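Undergrad: have a look; sequence and predicted model below, questions after that.
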Amino acid sequence: MDRTDRERLEQVRSGQTTESRINEDFVDWLKGPGVTWLIVILLGVTAYLGIIQFRQSRDAKRSEAWAAFFSASLPESLVDVANQYGSIDGLAPLALRRAADMRLATVRLGIPLSSMVDPSESAAPELDDEERTRSLQQAESLYQRVVDLDDGGEGFRLHAVHALAGLGAVEESRGRIEEAKRFYQRAAERAGDAFPILAKVFRNRIDAAGLDAPPAFPPRADVMAQRPALPARTPVFVDPALQRLIDGEGDAAPPAAP
């Protein structure tokens, strides 16, 4: 065996010895704390992948919720959004407020909801008393749900102010002016120093409540019954000959002398 072959053989033996020593060290490490560290690393990787998947799912859910909110054109659809996505970005009070505003607007405008959703209708039927009462009840219920969600925090202040003012508008539409004033007062107090302009608006609304309602005229029969009697007229004597001239029954002038 020449020198070159001996050097190669020594290199192979040295490499096998080093590899064997590494394998033994790895086995000893696994027998010691190695398994624990592998488990910790695997758990860390799993948690990281789980966080990434959770964030992606959350973002997809948020996009879906806002898309549903902006595409909702009926109060029922908005209520579904509040029920299904209410915990996302505070959509519950926002959707409930919008649904309540739509119900109240039908009463204020005096037209059915279908005419509001589809303005192309040329001859919109008027809202009858039954539909008006039902719309006010639904608006009241939706506004009250928002008020019930109020936790007294700053983040909910505008929602609460809007809902309280909406309840005042509902009562004012019913003709219950004193109840409406109480809700306007609560709205002004909830606005407080954070929104002084809104507080001033609702305090002014307390004084103007009911003033913009259409006047109720009494029936014609009642007006005629309360009309004062006219004074009696003194009869005027008219000469019979003059009366005949007025009626055209006599000559306008006596005949001329021959």
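TA: Okay, I see it.
Undergrad: need the single longest helix in this structure, by residues.
TA: helix 35-71 (DSSP state H).
Undergrad: packing partners for that one?
TA: For helix 35-71, the packing partners by 3 or more C-beta pairs under 8 Å, 6 or more residues apart in numbering; DSSP states H and E come out as helix 75-85, helix 91-109. Quick note: C-beta positions are derived from backbone N, CA and C, even for glycine.
Undergrad: rerun that using 6 Å as the cut-off
TA: Secondary-structure packing of helix 35-71 (3 or more C-beta pairs under 6 Å, 6 or more residues apart in numbering; DSSP states H and E): helix 75-85.
Undergrad: which other helices and strands contact the helix it packs on?
TA: Helix 75-85 packs on helix 35-71, helix 91-109, going by 3+ C-beta pairs under 6 Å, 6+ apart.
Undergrad: now do it: everything it contacts.
TA: Ala65, Ala68, Phe69, Ala72, Leu91, Ala92, Ala95, Leu96, Arg98, Ala99, Met102, Arg103 (C-beta atoms under 6 Å, 6 or more residues apart in numbering).
Undergrad: so where is this structure shaky, pLDDT-wise?
TA: Scanning the chain for pLDDT under 70 picks out the ranges 1-35, 37-38, 115-125, 210-258.
Undergrad: quick one, domains of it?
TA: 14-71, 72-208 (automatic domain parsing).
Undergrad: all helices of the chain, in order?
TA: Taking DSSP H as the criterion, the chain carries its helices at 3-29, 35-71, 75-85, 91-109, 113-117, 129-149, 157-173, 177-191, 196-208, 220-225, 240-247.
Undergrad: okay, the ones you listed, which one's buried deepest?
TA: Of these, the one with the most neighbours on average (mean count of other C-beta atoms under 10 Å) is helix 157-173, at a mean of 23.
Undergrad: still on that earlier bit, want to throw the helices and strands packed on helix 75-85 into a markdown table with distance to Leu78?
TA: Formatted as a markdown table, those follow (distance: least, C-beta to C-beta, whole Å):
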| stretch | distance to Leu78 |
| --- | --- |
| helix 35-71 | 7 |
| helix 91-109 | 4 |
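Undergrad: nearest to Arg205, out of the ones you listed?
TA: helix 91-109 (14.7 Å; C-beta to C-beta).
Undergrad: so which elements touch that closest one?
TA: helix 75-85, helix 129-149, helix 157-173.
Undergrad: that helix to helix 157-173, inter-axis angle?
TA: 30 degrees (axes from the mean of the first three to the mean of the last three C-alpha atoms, to 10 degrees).
Undergrad: now do helix 91-109: everything it contacts.
TA: With C-beta under 6 Å, 6+ apart, helix 91-109 has contacts from 65, 75, 78-79, 81-82, 85-86, 113, 132, 135-136, 138-139, 142-143, 145-146, 149, 159, 162, 166, 169, 173.
Undergrad: ok, now with 8 Å
TA: Applying C-beta atoms under 8 Å, 6 or more residues apart in numbering, the external contacts of helix 91-109 come out as 65-66, 69, 72, 74-76, 78-79, 81-82, 85-86, 112-113, 116, 127, 131-132, 135-136, 138-139, 142-143, 145-146, 149, 156, 159, 162-163, 166, 169-170, 173.
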